[in-house]
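Engineer: output the structure for:
(chains A and B)
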Amino acid sequence: GQQLNQSPQSMFIQEGEDVSMNCTSSSIFNTWLWYKQDPGEGPVLLIALYKAGELTSNGRLTAQFGITRKDSFLNISASIPSDVGIYFCAGHLNQAGTALIFGKGTTLSVSS
Amino acid sequence: DVKVTQSSRYLVKRTGEKVFLECVQDMDHENMFWYRQDPGLGLRLIYFSYDVKMKEKGDIPEGYSVSREKKERFSLILESASTNQTSMYLCASSPLRGAGNQPQHFGDGTRLSIL
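Structural biologist: Numbering: from 1, shown residues only, chains lettered A, B, ... in the order given. Predicted coordinates:
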């Protein structure tokens, strides 16, 4: 099936650092979503993006829907220990009624 | 807030058993989904449903079936469990509006071990 390329696969950072991760595809998406999954829990929606060029913030998190509609990035500013987890991008292809396509996740580790 | 509830957090079953994983959502969502999550492979879609008694195969339906007799409940069935079905199973739901491109909301998952 379709794939989203999410990078990096993992990150090890110090508390207070900024973080950036992104997802790319060869296909056009009309929705981009970013989820976070804590250990042993289900993914929780962080940010939803619906328009090309859209830039949306949720606290220290900022995500953008790429102009080409083939990519998206997520930035986390001033990381804290509770930011640890797996971050997934997901998107809907530019077709009605299709299921979400997920990236394979970025595992974030934060040391204090 | 949307609440997606999976009946078990942890489950241990034996090879060959018929296994039922239950999922209930309380937001009257039309769409419901079952995924499995394995290290290095991300989330893979098993089956989904857009309406009662309706089902569609996802990317990895082999060895699984589903049932949606009521709008709020979506069951995943392992007809004859095998060890390669040991995994984390995630249920999700979303509303159907416009083109249906609404975020999915997930349950906490069921970690299933097949011995």
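
Engineer: show me where chain B has strands.
Structural biologist: In chain B, the segments counted as strands under DSSP state E are B:4-6, B:10-13, B:19-25, B:31-38, B:42-49, B:56-57, B:64-70, B:73-78, B:87-94, B:105-106, B:110-114.

Engineer: how many residues are close by residue B:73?
Structural biologist: Residue B:73 is surrounded by 16 other residues when neighbours are defined as other CB atoms under 10 Å in any protein chain shown. The C-beta positions use only the backbone N, C-alpha and C, and glycine is treated the same way.

Engineer: oh sorry, the question was meant for residue A:8
Structural biologist: 12.

Engineer: then residue B:71?
Structural biologist: Residue B:71, neighbours per other CB under 10 Å, totals 15.

Engineer: from residue A:15, how far off is the residue nearest to it when sequence neighbours are not counted?
Structural biologist: Among residues not flanking residue B:71 along the chain, residue B:52 sits closest, at 5.4 Å (CB to CB, 6 or more residues apart in numbering or on different chains). Plainly put, residue B:52 is 48 Å away from residue A:15 if you go by CB to CB, to the nearest Å.

Engineer: include mean pLDDT and distance to residue A:30 when you put the strands of chain B into a markdown table, please.
Structural biologist: As requested, the strands of chain B are exported to a markdown table (pLDDT from 0 to 100; distance: least, CB to CB, whole Å):
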| stretch | mean pLDDT | distance to residue A:30 |
| --- | --- | --- |
| strand B:4-6 | 96 | 24 |
| strand B:10-13 | 96 | 37 |
| strand B:19-25 | 97 | 24 |
| strand B:31-38 | 94 | 16 |
| strand B:42-49 | 92 | 18 |
| strand B:56-57 | 92 | 20 |
| strand B:64-70 | 96 | 26 |
| strand B:73-78 | 97 | 25 |
| strand B:87-94 | 95 | 15 |
| strand B:105-106 | 94 | 19 |
| strand B:110-114 | 97 | 31 |
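
Engineer: which bits of chain A sit near chain B?
Structural biologist: A:1, A:30-31, A:33, A:35, A:40-45, A:48, A:50, A:88, A:90, A:92, A:96-100, A:102-105 (CB under 8 Å from any CB of the partner chain).

Engineer: let's see that with 6 Å instead.
Structural biologist: Proximity of chain A to chain B, by CB under 6 Å from any CB of the partner chain, involves residues A:1, A:31, A:33, A:41-43, A:45, A:48, A:92, A:96-97, A:99-100, A:102, A:104-105.

Engineer: going along the chain, name the strands of chain A.
Structural biologist: A:5-7, A:10-14, A:19-24, A:29-37, A:44-49, A:55-58, A:61-65, A:71-76, A:85-93, A:101-102, A:106-111.

Engineer: many thanks, I have nothing further to ask.
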